[in-house]
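A.B. asks: below are the sequence and a predicted model; questions follow.
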Amino acid sequence: MQTNENKVALISGANTGVGFQIAKALIENGYIVYVGSRDKKKGEAATVQLGEYARAIQLDITDPESIKAAVETVKREYGYLTLLVNNAAVSHAGEQGRTMEEILDSQRASIVPITELKTVWETNVFGTLALTQAFIPLLHRAKKARIVTISSALGSLTINSNPENPYRSSFDAVYGASKTALNGIFLSLAIDLEKTDIKVHLVSPGFTATALNNFQGTDSVEVGSIEPIRVALAEDLPTGSFTGPENFSGNDNNLAW
């Protein structure tokens, strides 16, 4: 077991996209990083690119046994966790191969199948919280532990209530509203843990081209990762923060809940 002077992170959904970029940045800044992926072979392929301080770990956040095994691995190998990055998410549970516009149209609150809504929320909301709850005991064992959750400005009720918001029509009942629920739960968690040494942060990467939007986002994954990387590396942000790129904020990167 290492001493807790070593910074140890776990990132869900880290074999590609924003999660991979965060893993790369953390390793460059002295972290040992567990690269979580549902398919461990994909995680292993990612660690080849990331180098010796990357550790592939099978992780399906909708599977309690997978979460339990991940916790036991980190506990056995290090005994604590410095940073948990909740990155894993899905945008829909319907037919593959559709454009982002087709997916959003099918996920309007008036018509979306409840089964599809439940499937997406199972990952984006319940699975994310389940993973976090499972790792809280190991986070308590670290110095200045943090939880960073990748969310979206698309989940902001304040922003979406504004008719002038250009992305307002994209606020659907499935993905967008799942991020609203995620924001609320993790603000609740920040309040719950505010008297402990664990800080809780949410961060939006902006409209980044990833598999979540059929790679139709306006920003590259490198650009979209800038703010998540900043937050993941920062140790002095006030707990409960929700930030995003400048083009989503309007006030020093702070997003309205």
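C.D. replies: Here it is on my side, so go on.
A.B. asks: in stretch 98-110, which residues are buried?
C.D. replies: Across stretch 98-110, burial judged by 16 or more other C-beta atoms under 10 Å covers 100, 103-104, 106-107. Just so you know, the C-beta spots here come from the backbone N, C-alpha and C atoms, and that holds for glycine as well.
A.B. asks: from those, pick the one nearest Pro245.
C.D. replies: Met100 (19.0 Å; C-beta to C-beta).
A.B. asks: any idea how far the closest one is from Ile114?
C.D. replies: Going from Met100 to Ile114 by C-beta to C-beta, to the nearest Å gives 22 Å.
A.B. asks: do the same with Glu5
C.D. replies: In this view, Glu5 and Ile114 are 49 Å apart by C-beta to C-beta.
A.B. asks: same check, this time on Ile32
C.D. replies: 41 Å.
A.B. asks: next: Pro64.
C.D. replies: Per C-beta to C-beta, Pro64 is found 23 Å from Ile114.
A.B. asks: got it, and Ser161?
C.D. replies: Separation of Ser161 from Ile114 (C-beta to C-beta): 24 Å.
A.B. asks: more neighbours, the two?
C.D. replies: Set side by side, Ser161 and Ile114 show more neighbours around Ser161, with 11 against 8, by other C-beta atoms under 10 Å.
A.B. asks: quick one: the helices in the stretch 1-150 of the chain?
C.D. replies: Per DSSP state H, counting those that start in this stretch, the stretch 1-150 of the chain has helices spanning 17-28, 40-50, 64-77, 100-106, 114-121, 128-140. These are given in chain order.
A.B. asks: least reliable of those helices by average pLDDT, please.
C.D. replies: Note on the helices of the stretch 1-150 of the chain: helix 100-106 shows the lowest mean pLDDT, a mean of 83.
A.B. asks: and for stretch 51-68, what's in contact with it?
C.D. replies: Identification of contacts with stretch 51-68 by C-beta atoms under 8 Å, 6 or more residues apart in numbering yields 10, 12, 23, 27, 31-40, 43-44, 46-47, 69-70, 73-74, 77, 88, 122-123, 126-128, 130-131, 134.
A.B. asks: ok now it, how far from the chain's centre?
C.D. replies: Relative to its chain's centre, stretch 51-68 lies at 14 Å (C-alpha atoms, centre = their mean, to the nearest Å).
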